[in-house]
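1. Sequence and predicted structure are below.
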Amino acid sequence: MKCLAIFGVIVAIFAAFVGYGYLVFTDLTRPLPKPDLKDNTYWGPGDGKNYVPDEKVYDFKLDVPKEEIDDLRQQLNRTLKLADPLDGIAFQYGFNTNALAQFVEYWREKYLTKWNQRQAYFNSLKQYTTEIQGLKIHFIHERVSEEVAAKKHVYPLLLLHGWPGSVREFYEFIPMLRNDQNISDYAFEVIAPSLVGFGWSDAATRPGFNAAEMATVMRNLMLRLGHKQFFIQGGDWGSIIGSNLATLYPENALGYHSNMCTLNTPLAILKSIYTHYYPEKVLFSRMFHNHHVPIWDKYLRLIEESGYFHLQATKPDTIGAALDSNPVGLAAYILEKFQTCTGPALNQDFGAMVTAYGLEAVLDNLMVYYLNSAATTAGRLYAESTSKAYRALQLERVQTSVPMGCARFFNDLPPASDWALRDKFTNLKHSMYFQHGGHFAAMEMPAMLYNDFTTFVGKVGLQKE
C-alpha cells in the first residue's frame, strides 16, 4: 500500500511537470495579437508640440562640394598605421590590412579622381525628400513610362535596404523593375527610401526609434506619395522592417517579398532543430538541405560573425564615433562585412568583392556612409531594435495574412523553412532556394532577384481580380 502511494505521488509530480511544460510551451509558441502602435509619433527636434508638418515633396540632387572630396583625399593620403597581418592569414581575423592599404590607394588615386562621374551615376535615378513625422526622408522614386504602363500590370513597390547597405544596393535592380522586361508581365513604380538615420535621411532625435517605428515611417511615406496599397521587398533590416509593416499595417500591403527569410521565435527555433535531425520530413528536396543543416555549424558561424551586432546593440555611439571620424576605419569595418558575405568559397580571396559586387559599387556605398557621417545614427537601429520595449512587441509571433514570398540565397543567414514561416505568414505564396548568392542579393545578383520577385507577384494574382 505504501509503495502504491509513493508511486501515485511520483505519477502526480510527473503529470504536474508535464502539464506545466505544456503550459509553458503553449505560452511560448502561440500566436499573439497585434500590438497597438501610434502611427504619428513625432521624431524630429524639440518636443513637437507646435509641429506643423511640411507635406511638400522636394527634388534632391547630390552635389558634394569639391572641398569635401579634397579633404577626404588628404585624409586618405596620411601614412597608414596598420599592423601587418599574421603569416598565412587572409581575412580570418577581419579585413586584411594589406588589402586595406591597396583599397585605400584605389579609393584615393582612382575613385575620387573620377568623383564627378560617380556623382552623376548617383543622380541618374530621380530622388526626392519629404518630411514624415518630423524627419526629412530621402528616397529614390522611379516611375514607369506611359509606353511600359500600356503593356504591363503596374504596381507601386517599396524597396528597403539594410546595414551596412544603402539605396546604392538597388541601382542595378531598379531599372529592371521599372522598364519593359520581356520575361515579365509586370512593371513597378519604385520607391526606395534611405532608412531613418541612413544616407540622406534624418536620424531620430531621441531614444525609441526601432524597427517597428521605422516600418511606420516607411508606410507613411508611401501614403504621402499617394499609395494606399503597395508591394514590399527587402533584405537585412529591410526584411525585418517589411515584415513589421506587413504585420502592423496589413491593409496597406499587397504582398511582402524577403531575401532574408529568418524567424527567431521559440517555435521557429525548435522547428529548425527538428529540421536538422529530420530534414527529409520537412524539406521537399535534398538539394536544399544544405541551406538548413547542419544547424549547429550555422549557428556557430553566426556567433563568430556577429561581434559588430553586439557592439552596435550596446554602444553604437562609441563605435560610431571611431568610424565617423576615420574614413580608413570606416572602410575596414564596412568592407569586412561585404567580404564575409561573398561566402566561404570566396571570402578569403583578395578579389572577392570585385568578383561579387564590383569595386565601384562597394565604394559608392561606402561614400554614402562617409558623406553623411551615418555610422553612428545607422548603428543605433541595432540598439533600439534589441531594446526591452521593442522585444515586448514580439512582432515575429503576430501573424499576418499578407501574401509572402521568400528567396533564400545560399550564402545568407540561416533561413527559416516553409514549415516555420507559415506560423507567422499564413499566406505563404512563394518559396525558392538559390545555391549561389548571398546577403546583398540586389547588388550581387539583381537579375535573379528580379526573376524571383516577379514570380512571387504573379502568384499573388492581383491581375485576376
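-> That came in fine, so what should we check first? Fair warning: this is a prediction, and the values are worked out from it, not measured in the lab.
2. Let me see the mean pLDDT of stretch 111-128.
-> Per-residue pLDDT over stretch 111-128 has a mean of 98.
3. Using CSV, write out every CA atom in that stretch.
-> Extracted as CSV, the C-alpha positions of stretch 111-128 are listed here (Å, rounded to 0.1, in the frame of the first residue of the first chain):
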residue,chain,number,x,y,z
TYR,A,111,37.9,56.5,-57.4
LEU,A,112,38.0,60.1,-56.1
THR,A,113,39.7,61.4,-59.2
LYS,A,114,36.5,60.5,-61.1
TRP,A,115,34.1,61.6,-58.4
ASN,A,116,32.1,63.7,-60.9
GLN,A,117,31.3,60.5,-62.8
ARG,A,118,30.3,58.7,-59.7
GLN,A,119,28.1,61.6,-58.5
ALA,A,120,26.4,61.7,-61.9
TYR,A,121,25.7,58.0,-61.5
PHE,A,122,24.1,58.6,-58.1
ASN,A,123,22.0,61.3,-59.7
SER,A,124,20.9,59.0,-62.6
LEU,A,125,17.9,57.9,-60.6
LYS,A,126,15.3,60.5,-59.6
GLN,A,127,15.4,61.4,-56.0
TYR,A,128,13.4,63.5,-53.6
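4. All the helices of the stretch 251-400 of the chain, in order from the start?
-> Using DSSP state H, counting those that start in this stretch, the helices of the stretch 251-400 of the chain run over 266-277, 279-282, 295-304, 307-314, 316-324, 327-340, 352-356, 359-372, 375-384, 388-393.
5. What residues sit buried inside stretch 160-174?
-> If you call a residue buried by 16 or more other CB atoms under 10 Å, then stretch 160-174 has these buried ones: 160-174. (Glycine included, C-beta is placed from N, CA and C.)
6. Identify those among those that sit within helices.
-> Of the buried residues of stretch 160-174, the ones assigned to helices by DSSP state H are 173-174.
7. Which of the buried residues of stretch 160-174 sits closest to Q399?
-> L160 (21.0 Å; CB to CB).
8. want to try a markdown table for the helices of the stretch 251-400 of the chain, with mean pLDDT as columns?
-> Output for the helices of the stretch 251-400 of the chain, formatted as a markdown table (pLDDT from 0 to 100):
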| stretch | mean pLDDT |
| --- | --- |
| helix 266-277 | 96 |
| helix 279-282 | 93 |
| helix 295-304 | 93 |
| helix 307-314 | 97 |
| helix 316-324 | 97 |
| helix 327-340 | 97 |
| helix 352-356 | 94 |
| helix 359-372 | 98 |
| helix 375-384 | 98 |
| helix 388-393 | 97 |
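9. ranking those helices by burial, who's on top?
-> Mean neighbours per residue, mean count of other CB atoms under 10 Å, is largest over the helices of the stretch 251-400 of the chain for helix 375-384, with a mean of 23.
10. Which among the helices of the stretch 251-400 of the chain is found nearest to G458?
-> Distance to G458, taken as CB to CB, is lowest for helix 279-282 among the helices of the stretch 251-400 of the chain, at 26.1 Å.
11. From the contact counts, what lies against that closest one?
-> helix 266-277 (3 or more CB pairs under 8 Å, 6 or more residues apart in numbering; DSSP states H and E).
12. Figure out how far the helix it packs on is from the centre of its chain.
-> 23 Å (CA atoms, centre = their mean, to the nearest Å).
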